[in-house]
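J.: Next one to model:
(2 chains)
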There are 2 protein chains.
Amino acid sequence: MTDRFHVTYRIRAGSLPEAEGRAVEIALEQTVEVPRDVVPKGYVEDVILGRVEAVEVAGGGVYAARIGYHPDTVGHSLPQMLNVILGNSSLQQGIRVTALDLGATMQARFPGARFGVAGIRRLTGRPRAGHLCPVLKPMGRSIADLAVLAATAVLAGADIIKEDHGLADQPAHPFRDRVPAIAEAVARANAQRRDGTRALYFPNLGGPAPDLVEAAHRAKAAGADGLLVIPGLQGFDAMAGLARDTGLPVMAHPAFLGAHVLSPDTGFSHGMMFGTLMRLAGADISVFPNHGGRFAFSPGQCDEIVAACRAGAPGMAILPSPGGGMTPERMPDLARAYGPETVYLLGGSLLRSGVELASVISRLRDVLDHASEE
Amino acid sequence: MTDRFHVTYRIRAGSLPEAEGRAVEIALEQTVEVPRDVVPKGYVEDVILGRVEAVEVAGGGVYAARIGYHPDTVGHSLPQMLNVILGNSSLQQGIRVTALDLGATMQARFPGARFGVAGIRRLTGRPRAGHLCPVLKPMGRSIADLAVLAATAVLAGADIIKEDHGLADQPAHPFRDRVPAIAEAVARANAQRRDGTRALYFPNLGGPAPDLVEAAHRAKAAGADGLLVIPGLQGFDAMAGLARDTGLPVMAHPAFLGAHVLSPDTGFSHGMMFGTLMRLAGADISVFPNHGGRFAFSPGQCDEIVAACRAGAPGMAILPSPGGGMTPERMPDLARAYGPETVYLLGGSLLRSGVELASVISRLRDVLDHASEE
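T.: Numbers count the residues shown, from 1 in each chain, chains lettered A, B, ... in the order given. Below you'll find the model as predicted:
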C-alpha cells in the first residue's frame, strides 16, 4: 500500500474548533481546491483529498495540524510537491509549515542529497574537522585578482572556495572567462597541498534559466567541483535538476527566501526552509545568515536550521553553513556552538584583513582543527 | 551614459536618521556586500555601489528610501536583477520593496510581456469586453471528461481555458496524454464559433525543471495556445525563458508566493509582486486571489495589483486575473469594479453548476459583453 506523506501546519486561530475548520480548508485547498460538498466520492475523496489526522493546541492562539497527502497528488514533480505542501495556502494568513514527514514512497521519489556530510568530507579529504569557506567577493578585483585570492585561500587551508552569490555574468566578471581562470588557480594551489586535503571550488550560477544547465556543464568541464545555486531565484527544482544532471555537489544560497520565514505566521519555519526543503531539493550544503551578524535570525532559529540539516530525513544529512557578518574573532565560540559538521562561511570581514588574508585563514584552520580534537 | 534603475524600499525604523542608516546598509548589501570602509575607490564606489537618492518619512514609523543601482551590477540576468532588488535584504526584518523604476537601459534588457493586453485581445478576437476563463479542475474526471468540459466551455463563449495549477503529471492525468486531448477538443469547439472569437488553451507546466522547456514545446506542438507557469515554484526566470523560447503567451499563477506579500514589513508590496515583477518576467496575464473569496487580500491590495498590471511600465500593460472563490452571482459587481481589461477566473464554484455549466458561462459572457458596452 502506498503510504502518505505528512505536513504539519502551525495555524493561528481563535479556538480549537476554528483551527480544525482551517485544517479541513487546507486539506481541500492543497489537493482538490473545490468546496467540500462537490468533492466526488471514490478515488478523489478516498485518495486525492488531504486527510486531517490531528489538530492539537500549541498554546498562544496557535494550533498544530497534521495533514496526510497521498503520493498520487504529486506524482514525481518537485514543484508539484511544494505546491501540495504550501501552494495556494501560502496566500492565506496564519498558516505556516513546520514539519514534513516524507514516508517511504515519497522518500524513494525524492532521495535528497547525493553527497551530504559524508560525501563532502570524502571530496575535501577532511574526515573530522569543520570546513572553512572563504567567499570570493568581486569588489574592484579583476578575474586575475580573484584567481590569486582563491589560490591564496587554498594554500592557507580553506576547504571550499565559494563565489559571492552576486557574481553572475556581469561585464566585469563574465562567467565564461571567470570560472576557468579560478578553477585553474584552485587546482594549482591544491597540487601544493601535502596533507591529503583538497579545496573545492563552487562558482555561482547566476545566468539566465535556459543557459543554466549549459553553464553548469561548462563550469564542470572547466574544473568546478561544485555549484552555488540560489533556489529562491532559480527555483528549488532547478537546483535539484542541476545536482542530478551534473553530478556535482550543490551549495544552496538563501537570497530572496527571507519573506518565507520572517513572519511567524506565514511561510515556513526556519528549519523547514533552510534544512528540510533544501534537502528535499538535493542541496549538500545550506547557507543561512548567522545570528549576531547583520541579519535577523535568532540563535534559536539558527539552531533549528542546523538540527534540520542534520536530522535523519529527508535523505542523508547535509552541512549547514552559517555566514553573514562573521568575524575571525567569533570563530572559537562558533566552532564550539556549531561543531565540526559545519561549513563556516567567511565573507566581507576577511577583506579587512588585506594582506593578512593567508594568516587569518591559517589561524581559523587551526581553530577548527583543534576544536574537533577536543 | 548608462542610466540607473531605481528601487523604492519601505523601511520600518525608529527615526529618520535610523532609516537613512538602514538605506545605506541596503545599498551596500545589495551590491558590494561588504562594510562601507572596505569599498574600493573608483569603479566599485562610483558605479557598482548602490546610491541612496532619497529617504522620506512615510508616517507610522515607516520610511521610503529610493536607491539607484547601476546596470553593471546586473548584466542581463533576471535572477541577478531580482537579487539586486531584494536578495540578501529579503533576510532582514522591516524592509519591503514597493516600487521599481527600470530606466531606459534596463527596460531594453528586460522588455517584459510579448503579448500583453493588446496581444491577448488579438489572439482571442475580443477587442473590447472582459475575458472569461474557466479553470479545468481534475476532480474525479478522466482526461476525456476534461476535454468535454473544455469543449463545453468554449462553445459557451469562454476566452481562455486554464488548467488547474495542481494538474502536473500525476498518474490520473499524465501531461503527455492530457494536453493533446484537451487541445484537440478546444480546437474542434473553436471551429464551431462563428463570431470571430476564439478560446485559448493554457495547460499547466507542472513537470520537473529539466523537462520544462521540452514539455512546453510538446504542448505547443500539440496545439496549446499559451502556458500556465508558477514562478514561485519554477522561478521567475524560467517563466521569462519559456515565454521567449516558445513564443507563446504566459499566464502566471501565484502559488507559493504568498509569504512575499502577507507581512506588511517584508518582501514585496502586492502591486510589485503580482504586477511589476510578473511584467518584468514576461507574463501576459497575472492571476491573483480576489478579495471576498477564501484568501487574505483586501480590496485595496487587489486594486494595487490591477494598477500595477496596467501601469505604463515595465514593458507593455498586461491583464490582471482575479480568481479564487469567485461566484457567478458576484460577476456583475466584479465586472464593474475591474472593468474589461481583465481575465475573470472561474474555478470550483462553477462545479456547483453541474450540467448548467454551459448556461452559466453563457450568462457570464452576456454580463461581460454588456458591461463593456455601458
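J.: Show the contacting residues for the closest residue to residue A:93 other than its chain neighbours.
T.: With Cβ to Cβ, 6 or more residues apart in numbering or on different chains as the criterion, residue A:93 has its nearest non-adjacent residue at 4.4 Å, and that residue is residue B:296. (Glycine included, C-beta is placed from N, CA and C.) For residue B:296, the contacting residues are A:91, A:92, A:93, B:258, B:262, B:289, by Cβ atoms under 8 Å, 6 or more residues apart in numbering or on different chains.
J.: Of the residues you listed, which qualify as buried by neighbour count?
T.: Applying 16 or more other Cβ atoms under 10 Å in any protein chain shown to the contacts of residue B:296, the neighbour count classes A:91, A:92, B:258, B:262, B:289 as buried.
J.: any idea how far the third one is from chain A?
T.: Spelled out, that is residue B:258. Residue B:258 is 3 Å from chain A, where distance means Cβ to the nearest Cβ, to the nearest Å.
J.: Would you agree that residue is in contact with residue A:94?
T.: No: if you go by Cβ atoms under 8 Å, residue B:258 and residue A:94 don't touch, sitting 11.2 Å apart.
J.: Need the residues touching each of those two.
T.: Common neighbours of residue B:258 and residue A:94 (Cβ under 8 Å, 6+ apart) are residue A:266.
J.: my guess is residue A:83 contacts residue B:254, does it?
T.: No: contact criterion Cβ under 8 Å: residue A:83 and residue B:254 do not qualify, at 11.5 Å.
J.: where does chain A have its least confident helix or strand?
T.: For chain A, the helix or strand with the lowest mean confidence is helix A:348-351, at a mean of 69 (criterion: mean pLDDT, DSSP states H and E).
J.: Past it, which element shows up next along the chain?
T.: helix A:357-373 (DSSP states H and E).
J.: Counting neighbours, which bits of that next one end up buried?
T.: A:357, A:360, A:361, A:364, A:365, A:367, A:368, A:369, A:371, A:372.
J.: Ok, stretch A:290-310 next?
T.: Buried-residue list, stretch A:290-310, by 16+ other Cβ under 10 Å: A:290-297, A:301-306, A:308-310.
J.: Out of the buried residues of helix A:357-373, flag the one nearest to chain B.
T.: residue A:357 (12.4 Å; Cβ to the nearest Cβ).
J.: Settle this for me: the closest one is touching residue A:149, isn't it.
T.: Yes: between residue A:357 and residue A:149 there is a contact under Cβ under 8 Å: 7.3 Å.
J.: Let me know the distance separating residue A:206 from residue A:12.
T.: According to Cβ to Cβ, to the nearest Å, residue A:206 stands 37 Å off from residue A:12.
J.: in chain A, which spans are strands?
T.: A:5-12, A:51-59, A:62-69, A:95-101, A:131-136, A:160-163, A:200-202, A:227-229, A:250-252, A:267-268, A:285-289, A:319-323, A:343-346 (DSSP state E).
J.: can you pull the pLDDT of residue A:64?
T.: In this prediction, residue A:64 carries a pLDDT score of 98.
J.: distance of it from residue A:4?
T.: 17 Å.
J.: How about residue A:373?
T.: Taken as Cβ to Cβ, the span from residue A:373 to residue A:4 is 45 Å.
J.: Equivalent analysis for residue A:123, please.
T.: Taking Cβ to Cβ, one finds residue A:123 at 36 Å from residue A:4.
J.: Over to residue A:363?
T.: Counting by Cβ to Cβ - residue A:363 and residue A:4 are separated by 51 Å.
J.: Would you mind telling me which of residue A:206 and residue A:12 has more residues around it?
T.: residue A:206 (28 against 19; other Cβ atoms under 10 Å in any protein chain shown).
J.: List the residues that contact that one.
T.: A:165, A:166, A:167, A:168, A:169, A:175, A:230, B:77, B:79, B:80, B:83.
J.: Quick one: neighbours of the fourth one, just the number.
T.: So that's residue A:168. The local packing of residue A:168 (other Cβ under 10 Å) involves 29 other residues.
J.: from what I can see it touches residue B:77, true?
T.: Yes: contact criterion Cβ under 8 Å: residue A:168 and residue B:77 qualify, at 4.7 Å.
J.: contacting residues around the residue most central in space within chain A?
T.: Among the residues of chain A, the one closest to the centroid is residue A:286, at 3.2 Å (Cα atoms, centre = their mean). Residues near residue A:286 by Cβ under 8 Å, 6+ apart: A:251-252, A:254, A:274-275, A:278-279, A:305, A:309, A:318-321.
J.: Quick check: closest non-adjacent residue to it.
T.: In space, residue A:286 is closest to residue A:278, 4.3 Å off (Cβ to Cβ, 6+ apart).
J.: Any idea what the closest residue to residue A:86 other than its chain neighbours is bridged to?
T.: With sequence-adjacent residues excluded and distances taken as Cβ to Cβ, 6+ apart, residue A:86 is closest to residue A:97, at 5.1 Å. For residue A:97, the beta-bridge partners are residue A:9, residue A:268 (DSSP bridges).
J.: Could you tell me how many residues sit around residue A:97?
T.: Residue A:97 has 23 nearby residues by other Cβ under 10 Å.
J.: That one touches residue A:267, doesn't it?
T.: Yes: between residue A:97 and residue A:267 there is a contact at 7.4 Å, judged by Cβ under 8 Å.
J.: any shared contact partners between those two?
T.: Joint contacts of residue A:97 and residue A:267 (Cβ under 8 Å, 6+ apart) are residue A:86.
J.: Next one: residue A:2, what pLDDT does it get?
T.: pLDDT recorded at residue A:2 is 76.
J.: do the same with residue A:139
T.: 77.
J.: Dihedrals phi and psi, it?
T.: phi 30, psi 60 (degrees, to the nearest 10).
J.: I'd like to know how far it sits from residue A:347.
T.: For residue A:139, the distance to residue A:347 - Cβ to Cβ - is 10 Å.
J.: hey, what's in contact with both of the two?
T.: With contacts defined as Cβ under 8 Å, 6+ apart, the residues shared by residue A:139 and residue A:347 are residue B:34.
J.: And chain B, is stretch A:32-40 touching that?
T.: Yes: Stretch A:32-40 is in contact with chain B by Cβ under 8 Å from any Cβ of the partner chain, via A:32, A:33, A:34, A:35, A:37, A:38, A:39, A:40.
J.: CA atoms only for that stretch, dumped as CSV, please.
T.: Output of stretch A:32-40 as CSV, limited to C-alpha atoms (Å, rounded to 0.1, in the frame of the first residue of the first chain):
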residue,chain,number,x,y,z
VAL,A,32,-8.9,19.3,-4.7
GLU,A,33,-9.3,23.1,-4.5
VAL,A,34,-13.1,22.9,-4.5
PRO,A,35,-15.7,23.2,-1.8
ARG,A,36,-16.2,20.1,0.3
ASP,A,37,-19.7,19.5,-0.9
VAL,A,38,-18.6,19.0,-4.5
VAL,A,39,-15.7,16.5,-3.8
PRO,A,40,-16.7,13.4,-5.7
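J.: The stretch 101-250 of chain A against chain B: which residues are in contact?
T.: Residues of the stretch 101-250 of chain A lying near chain B (Cβ under 8 Å from any Cβ): A:137-140, A:164-166, A:168-172, A:206-210, A:213, A:230, A:232-238, A:240-241, A:244-245.
J.: Now which of these would you call buried?
T.: Among those, those buried by neighbour count (16+ other Cβ under 10 Å) are A:137-140, A:164-166, A:168-170, A:172, A:206-210, A:213, A:230, A:232-238, A:240-241.
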